[in-house]
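Participant: Test case, fold it:
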Amino acid sequence: MTGTTPGSRTLSYQPALDGIRAVAVLGVLVFHAGIERVVGGFLGVDLFFVLSGFLITTLLLREWHRTGGIALGGFYARRVRRLFPALLLVLLAVSVYMRVVAPAATRSAVRLDAVSSLFYVANWRFVFSHQSYFAGSLEPSPLRHLWSLAVEEQWYLVWPLVLTVALRRLSQRLDVLLAFVLALAVASLGWMANLVPAHADSSRAYYGTDSHAYVLLLGAALAIWRHQRPARPGWAARPGQVLGLVGLAVIGWYFVAVAGTAHWLYLGGYVPFVVAGLLVVDAAMAPVPTLFKRLLGLAPLAWIGRISYGLYLWHWPIDVWLNPARVHLSPHALTAVRLAVTFAVSTASYYAVERPIRTANWAGLRSPGRATAGFAGVASAAVLVASVLLIGHGTASVPLFGTGGTASAAKLPGPVPFEPGKLRVMVVGDSVAFKLAYGATGPVTPKVTVIGTGQLGCGLVPYSGNTITADLVWDGSAGSCSALRQAWDYGLAQKPDLVLFEVGAWEVYNRVIQGTDHKVFTADYERVIDQRLQLYLDYFTSRTRARVAMLDVPCMRPTEFDLGGGPNVRGDDRRVAWLNGVFRRFAARHASQLTIVPISPFLCPKGAYRKAIDGVTLRYDGVHFNTPALKFVWAYLTPKLRELASPGDGRGS
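Facilitator: Okay, here's the model as predicted:
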C-alpha cells in the first residue's frame, strides 16, 4: 500500500475510509430521521471532522515533502470541484421548495440561511440568529445541517495557510509542530467547555468553528504523528486492528447512548469519541491488509461512503419536506420513505453531477485553477440571484391557521368572514393549537368559525431568558414569539365568541428562567405557571367580553425521541397529571373568568391513549393533531364550546 509512503503526494484508494464515511453519514441520517435508539447519531459529523483533519493534513504534508511547498491554488480548486456543484444543486432545490411548499412566514429566515450557506458561514449565521441545533420545530430550516459544511470549508481555507507557515519554520521539527497542534486543540476544547454554562442550550458551542475545531485538529495531529512514525506492518495487523475495533465499539455506544443535550459531552465528553475516531482512522490506514480493513471496506459500505457527501447534503431538506404533518405514515414507514428518497436523489447527484465534474480533465485546460475559480464565481452568482428571487423576502410573521394568512407588521390577513349561526372560536397557544386550527374550515367545522393564532414553540413562558430543560430543548431568547401579541390583537379584532387556550406540551418540561431552576412537581414552578396564566387571562378579559376557556392536557405518546435527543418527557403521564392539577387549581380560583374544557376523555378515554378513529390517526406524532382527524376533534369540542359561550356570549362584541 503506497498511501502511507511519505514521499507520495496522494493517497491510494482505501475502501475502508469510505466505510468510515458510511458509518458517519448513516449515524446522521438515522438520527435526523427520528429513530429513537440512535440519540447520538449527530456525532457522525464529528467522525467526518476527524477523517477530514487527518486526510487533508496527510495530503498537505506529503506535498510539502515531495515538492518543498504547498500549491494552495491547486488545493482550493480541488476542494471547489469536489464540494461546490452538489451544494449549488441543494440550494436551488431548497429555493424551489421554499417558494412552492414551505410556509411564507419562514422564507425570510431561510433566504438568509441560503446566502450564508453559499458563502460557507452558515454556522455563524445560526449562532447569531440563535437557532438551536437540538430544538425542534414543525418547519425547521432545511439548511440547518450545512453548519458542518461551513466549519469544514473554513478549515480548508485556513488550515493550509497555517500549516504552510508552520512548515516553513518547523519542517525539520515535526514534534514541535505536533505539540503546537495539540495545544490549539486543547485551547479549542477548553473554549467549548467555557461556552456551555449549566442547563443552557449547547448550540453555540456546537456550531462554533472556534469551539469545534479541536476535532479537526486532533485528526491533523494523528496525520503529523503518522507522517513521522509510519505504522509498522506487525503493529497494524495485530494491536492496531484490535484498537480499531475498540474504537468502532465506542463510536457505536455514543451513537445509541449519548444525546446532544448531555451537558458533560461539552465538558470533555467528546474526547473519548474523538479518540475512538482516531483509532478507527489509524486502523483503516494500516499498510497491510487486515480483517478490520476488509470489514470497513465491504462493497455496500464503500459505496455508501462514496456518495456520503450527497447523502448528507440532501437528507435534511428531504426530512423537512417529508415531515409527519405532510406525510401521514407510521414512524417506521416515514423513515423508510425518507431514506429511499434520500438515497435516490443522492445517487443521481453523484453520478450525474459530482463525479463527472470532479473527474473531468481540468488539467488539460490552460489554467485549471482560473477555470475553477471562474466556474465557482459564475455559478455562485447565478445561484445567489435564483435563491433570492425564488425564496423572496417572505414576512417575519406569526402563522394564523384557519385564516390562510399571516400576521406581520407589514401585512395582516383580511377579516374572517362572519357566518350567521356559527360560533366564532379564537384558538390561542403553541404548536398543538397551531395544528388544532389548521384545516378547520367549513366542511370540517360546519358549526364553528375557527380563528387561529397559535404559534410554534410559544407556550406560557416563551420570552427571553427562558430555557426549557429535562433536559434541554429550546431557548426562547431568539424572539420567535415576538409577534405573538400582534397575532392576538388580530384575533380579537375578528370579534370571537370564545377564546380557547391550548397549552401544555412545553409546560411538562423543566425550566431555567433567568438562571433559576424551576422543576415540574414543585410549588415554585406552579407559581410561575400561575403568573403566566394570569397574564394571559388579564390580557384577554381586558380586551373582550368573549368567554375564555382552556383545554386540559391529554396524555401524549410521542413517536419520536425528544427534541433535545433524550427521552421524551411529553410521554410521562405523571407530568401531565401534575400540570392538569395546576390548571384546575388556577381555574377554580378564577371560576367566573375561565373554564376548563376536558379533551382528555376524548383523546385518552379512561387514561388509555387513543390512536385512531375509523382508521384515521388522531395525532400524527403522538402530540400534534393530524389534519384529517380534525373533523372528529371539532365534532367532540363544538357542543361543549357552544354551551359554554351561549349564556351572555360575546357575539359581536
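
Participant: Got the domain ranges for the chain?
Facilitator: 14-391, 398-459+480-503+522-645 (automatic domain parsing).

Participant: Just send those back as TSV, with mean neighbour count, distance to residue 511 and mean pLDDT too.
Facilitator: Just so you know, the C-beta spots here come from the backbone N, C-alpha and C atoms, and that holds for glycine as well. Converted to TSV, the domains of the chain look like this (neighbours: other Cβ atoms under 10 Å; distance: least, Cβ to Cβ, whole Å; pLDDT from 0 to 100):
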stretch	mean neighbour count	distance to residue 511	mean pLDDT
domain 14-391	19	9	86
domain 398-459+480-503+522-645	19	7	83
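
Participant: nearest to residue 510, of those domains?
Facilitator: Closest approach to residue 510 among those is made by domain 398-459+480-503+522-645 (7.6 Å; Cβ to Cβ).

Participant: if I look at the spatially closest residue to residue 247 that is not a sequence neighbour, how far off is residue 215?
Facilitator: With sequence-adjacent residues excluded and distances taken as Cβ to Cβ, 6 or more residues apart in numbering, residue 247 is closest to residue 279, at 3.4 Å. Taking Cβ to Cβ, to the nearest Å as the measure, residue 279 falls 14 Å from residue 215.

Participant: cool, and residue 192?
Facilitator: Residue 192 is 10 Å from residue 215, by Cβ to Cβ.

Participant: for residue 66, same thing?
Facilitator: Plainly put, residue 66 is 28 Å away from residue 215 if you go by Cβ to Cβ.

Participant: next one: residue 79
Facilitator: Residue 79 is 19 Å from residue 215, by Cβ to Cβ.

Participant: Rebuild the domains of the chain as a markdown table, extending it with distance to residue 512.
Facilitator: Formatted as a markdown table, those follow (distance: least, Cβ to Cβ, whole Å):
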| stretch | distance to residue 512 |
| --- | --- |
| domain 14-391 | 4 |
| domain 398-459+480-503+522-645 | 11 |
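
Participant: before we move on, back to that, now the common contact residues for residue 192 and residue 215.
Facilitator: Common neighbours of residue 192 and residue 215, counting by Cβ atoms under 8 Å, 6 or more residues apart in numbering, are residue 270.

Participant: The stretch 551-653 of the chain: helices as residue ranges?
Facilitator: According to DSSP state H, counting those that start in this stretch, the stretch 551-653 of the chain carries its helices in the segments 573-589, 600-603, 630-645.

Participant: Next, format those helices as a markdown table and append distance to residue 53.
Facilitator: Below are the helices of the stretch 551-653 of the chain laid out as a markdown table (distance: least, Cβ to Cβ, whole Å):
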| stretch | distance to residue 53 |
| --- | --- |
| helix 573-589 | 43 |
| helix 600-603 | 50 |
| helix 630-645 | 51 |
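
Participant: what's the closest of the ones you listed to residue 98?
Facilitator: helix 630-645 (26.0 Å).

Participant: With only the CA atoms kept, save the closest one in PDB.
Facilitator: Extracted as PDB, the C-alpha positions of helix 630-645 are listed here (Å, rounded to 0.1, in the frame of the first residue of the first chain):
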ATOM      1  CA  LEU A 630     -59.800  17.500  12.900                       C
ATOM      2  CA  LYS A 631     -63.400  16.700  11.900                       C
ATOM      3  CA  PHE A 632     -63.600  14.200  14.800                       C
ATOM      4  CA  VAL A 633     -61.800  16.600  17.300                       C
ATOM      5  CA  TRP A 634     -64.100  19.500  16.400                       C
ATOM      6  CA  ALA A 635     -67.200  17.400  16.400                       C
ATOM      7  CA  TYR A 636     -66.300  16.500  20.000                       C
ATOM      8  CA  LEU A 637     -65.500  20.100  21.100                       C
ATOM      9  CA  THR A 638     -68.200  22.000  19.300                       C
ATOM     10  CA  PRO A 639     -71.200  21.200  21.600                       C
ATOM     11  CA  LYS A 640     -69.100  21.800  24.700                       C
ATOM     12  CA  LEU A 641     -67.900  25.200  23.400                       C
ATOM     13  CA  ARG A 642     -71.300  26.300  22.200                       C
ATOM     14  CA  GLU A 643     -72.800  25.500  25.600                       C
ATOM     15  CA  LEU A 644     -70.000  27.500  27.300                       C
ATOM     16  CA  ALA A 645     -70.400  30.500  25.000                       C
END
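
Participant: which other helices and strands contact that helix?
Facilitator: If you count contacts as 3 or more Cβ pairs under 8 Å, 6 or more residues apart in numbering; DSSP states H and E, helix 630-645 packs onto strand 423-429, strand 448-452, strand 498-502, strand 547-551, strand 594-597.

Participant: For residue 609, find the nearest of those.
Facilitator: Here strand 547-551 is closest among those (Cβ to Cβ), at 16.5 Å.

Participant: For the strand or helix carrying residue 219, list the C-alpha coordinates in CSV.
Facilitator: Taking DSSP states H and E as the criterion, residue 219 maps to helix 209-228. Only the C-alpha atoms of helix 209-228 are listed here, as CSV (Å, rounded to 0.1, in the frame of the first residue of the first chain):
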residue,chain,number,x,y,z
THR,A,209,-15.7,26.9,14.4
ASP,A,210,-13.6,28.0,17.4
SER,A,211,-15.2,25.6,19.8
HIS,A,212,-15.4,22.6,17.4
ALA,A,213,-12.0,23.0,15.7
TYR,A,214,-10.3,20.6,18.2
VAL,A,215,-11.9,17.6,16.5
LEU,A,216,-10.3,18.6,13.2
LEU,A,217,-7.0,19.5,14.9
LEU,A,218,-6.8,16.1,16.6
GLY,A,219,-7.2,14.5,13.2
ALA,A,220,-4.4,16.7,12.0
ALA,A,221,-2.3,15.7,15.0
LEU,A,222,-2.7,12.0,14.0
ALA,A,223,-1.6,12.8,10.5
ILE,A,224,1.6,14.5,11.8
TRP,A,225,2.3,11.7,14.1
ARG,A,226,1.9,9.0,11.4
HIS,A,227,4.0,11.1,9.0
GLN,A,228,6.8,10.9,11.4
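
Participant: Show me what secondary structure element comes after it.
Facilitator: With secondary structure assigned by DSSP H and E, helix 209-228 is succeeded by helix 233-235.

Participant: residues making contact with that next one?
Facilitator: 286, 287, 288.

Participant: which residues does residue 131 contact?
Facilitator: 125, 141, 144, 203, 478.

Participant: Could you do residue 632 as well?
Facilitator: 613, 614, 616, 618.

Participant: can you check residue 599 too?
Facilitator: By Cβ under 8 Å, 6+ apart, the contact set of residue 599 is 551, 552, 554, 633, 636, 637.

Participant: redo that, cut-off 7 Å
Facilitator: By Cβ atoms under 7 Å, 6 or more residues apart in numbering, the contact set of residue 599 is 551, 552, 554, 637.

Participant: ok so, going back, now render the contacts of residue 131 as a markdown table, adding secondary structure.
Facilitator: Converted to a markdown table, these look like this (DSSP: H, G, I helix; E, B strand; the rest coil):
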| residue | secondary structure |
| --- | --- |
| 125 | helix |
| 141 | coil |
| 144 | helix |
| 203 | helix |
| 478 | helix |
